[in-house]
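Asks: Sequence and predicted structure are below.
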Amino acid sequence: MTRIIEFLIALGIVAGLFVIIGVCLPGERHISESIETNRKMTIVYDTVNSLRRFKDWNPLVLRDPAAELKLSGPEAGVAARLEYTSSDKTLGKGSWEIKESEENKLVRIAIEDPSRGHDKVTTFTLEPTGKNDRNVKITQDYSIKYGMDLFGRYAGLYVSRHIGDDVKLGLSRMANMLATVPNVDYRAPEAPLTDLKIVEVPAEDLLVINAGNIDRSNETIRKSIEDNQEWIKRAMDANGLEAAGPVRIVTTDFAADKYAFDVAQPVRKKSGAAAAEKKDGEAAKTDEAAQVASVDGKLEVKIPSGNPVTYVHAPAHRSAFASYTGHMAGLDVARNALRAWAATSGNEVIDRPYESWKGGVDKAFTTDGTYDVYWSVK
């Protein structure tokens, strides 16, 4: 009996110490980590102001690559939300939701997860730094409250090790991810893109010619395009086709001294000549070297002998899109700006980019050139 009493007293003392120490422990915790990147402020802000690239930097997906992620709300800014579900009991179910955004300065996100505590908030603060403010300092703060949850207060002793390590790892992964994005500010004057968006491009019929790898001079490029347009025109005339839109330039490689590209012309059957009119129940005859018909939605095109043009039926696809106004010499910056925007928005570009020269070739070699820029995405 005495031993039982001694055990109960000892247990009471331990419980009392637990309560006393717990009450003395902080009712909330706060940690902060920072890292620097040389990416443009626009890229950094758009990355943290959206949850579309969460999977590419947040350590949660390292702990459970099979975790289900679901995005909802707007693509960026306040109310953008990501919910996750994991079979890992330590992760369980949770969510991140953007609650406050201040352009190029701050993004505050509310976090819900199974761990103890409430009012869990992480805040990304952005600050220009380095020589001429060329870099961006990203500071991620994390705060959590426990109130009078004594077990939570004890759990708070490990926040720096558990959550703090995740914050460090996440920032490091984010910096590495940002380093893969072209360092072009797609909202700056040097890359005046407008109407940035993802579009659905329908299937198209194209006549294409490879311009080769030519000198990167305006006159050489212009002459090459015009010469190749003449070949395309001959193929169109031979097949009863007409232009279905502006000429487009598909870039293969834009090097310091050379430019490799294709010239492509969207085409369709000429109005009223889609099919030869029948007379007396018989189809009118067409030139054997230049017949055109529709087969499973594709054109059947016969290119005259010696003509380097090829016919391509381009399938429908999704594409990053933007409009650009200026001299064609600025298109390389425009292309990289579009790729930077696409990557920041969580879209991976594929294939080769191309521009639809809406103003024509002559206008493209002035500052009044107008273009629609496309880059296919997965």
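Replies: Received it, and whenever you're ready, just let me know what you need.

Asks: Would you check how far apart Asn176 and Ile35 are?
Replies: As defined by Cβ to Cβ, to the nearest Å, Asn176 lies at a distance of 10 Å from Ile35. Backbone N, C-alpha and C define where each C-beta goes, glycine included.

Asks: between those two, which one's more packed in?
Replies: Using other Cβ atoms under 10 Å, the more surrounded residue of Asn176 and Ile35 is Ile35, with 17 against 12.

Asks: shaky segments in the stretch 251-378 of the chain?
Replies: Applying pLDDT under 70 to the stretch 251-378 of the chain flags residues 272-297.

Asks: in it, which spans are helices?
Replies: In the stretch 251-378 of the chain, helices defined by DSSP state H, counting those that start in this stretch lie at 331-344, 360-364, listed in chain order.

Asks: Show me what the first one is packed up against.
Replies: Applying 3 or more Cβ pairs under 8 Å, 6 or more residues apart in numbering; DSSP states H and E, one finds that helix 331-344 contacts helix 41-48, strand 193-201, strand 248-254, strand 317-325, strand 354-357, strand 370-376.

Asks: want to throw the ones you listed into JSON lines with distance to Arg335?
Replies: Converted to JSON lines, the helices and strands packed on helix 331-344 look like this (distance: least, Cβ to Cβ, whole Å):
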{"stretch": "helix 41-48", "distance to Arg335": "16"}
{"stretch": "strand 193-201", "distance to Arg335": "10"}
{"stretch": "strand 248-254", "distance to Arg335": "7"}
{"stretch": "strand 317-325", "distance to Arg335": "9"}
{"stretch": "strand 354-357", "distance to Arg335": "8"}
{"stretch": "strand 370-376", "distance to Arg335": "6"}
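
Asks: quick one on the thing from earlier: tell me the most buried of the helices of the stretch 251-378 of the chain?
Replies: Most buried of the helices of the stretch 251-378 of the chain by mean neighbour count (mean count of other Cβ atoms under 10 Å) is helix 331-344; its value is a mean of 23.

Asks: Can I get it as PDB, trimmed to CA atoms?
Replies: Once non-C-alpha atoms are left out, helix 331-344 reads as follows in PDB (Å, rounded to 0.1, in the frame of the first residue of the first chain):
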ATOM      1  CA  LEU A 331      11.300  38.100 -81.000                       C
ATOM      2  CA  ASP A 332      13.900  36.000 -79.200                       C
ATOM      3  CA  VAL A 333      13.400  38.000 -76.000                       C
ATOM      4  CA  ALA A 334       9.600  37.600 -76.500                       C
ATOM      5  CA  ARG A 335      10.000  33.800 -76.900                       C
ATOM      6  CA  ASN A 336      12.000  33.500 -73.800                       C
ATOM      7  CA  ALA A 337       9.600  35.800 -71.900                       C
ATOM      8  CA  LEU A 338       6.700  33.500 -72.900                       C
ATOM      9  CA  ARG A 339       8.700  30.400 -71.800                       C
ATOM     10  CA  ALA A 340       9.400  32.100 -68.500                       C
ATOM     11  CA  TRP A 341       5.700  32.900 -68.000                       C
ATOM     12  CA  ALA A 342       4.700  29.400 -68.900                       C
ATOM     13  CA  ALA A 343       7.200  27.800 -66.500                       C
ATOM     14  CA  THR A 344       6.200  30.100 -63.700                       C
END
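
Asks: residues in contact with it?
Replies: 43, 46-47, 50, 53, 180-186, 190-191, 193, 196, 198, 251, 254, 320-322, 324, 326, 348-349, 353, 355, 371, 373, 375, 377 (Cβ atoms under 8 Å, 6 or more residues apart in numbering).

Asks: Out of those, which end up buried?
Replies: 43, 46-47, 50, 53, 181-182, 184-186, 191, 193, 196, 251, 320-322, 324, 326, 349, 353, 355, 371, 373, 375, 377 (16 or more other Cβ atoms under 10 Å).

Asks: does Ile209 really touch Asn228, like I thought?
Replies: Yes. With contact defined as Cβ atoms under 8 Å, Ile209 reaches Asn228; the gap is 4.6 Å.

Asks: okay, and the common contacts of these two?
Replies: Common neighbours of Ile209 and Asn228 (criterion: Cβ under 8 Å, 6+ apart): Val263.

Asks: Okay, now the unreliable bits of the stretch 1-150 of the chain?
Replies: For the stretch 1-150 of the chain, the ranges with pLDDT under 70 are 1, 3-28, 146-150.

Asks: what ranges do the strands span in it?
Replies: Along the stretch 1-150 of the chain, the stretches classed as strands by DSSP state E, counting those that start in this stretch are 28-37, 68-72, 81-85, 93-102, 106-112, 118-129, 135-145.
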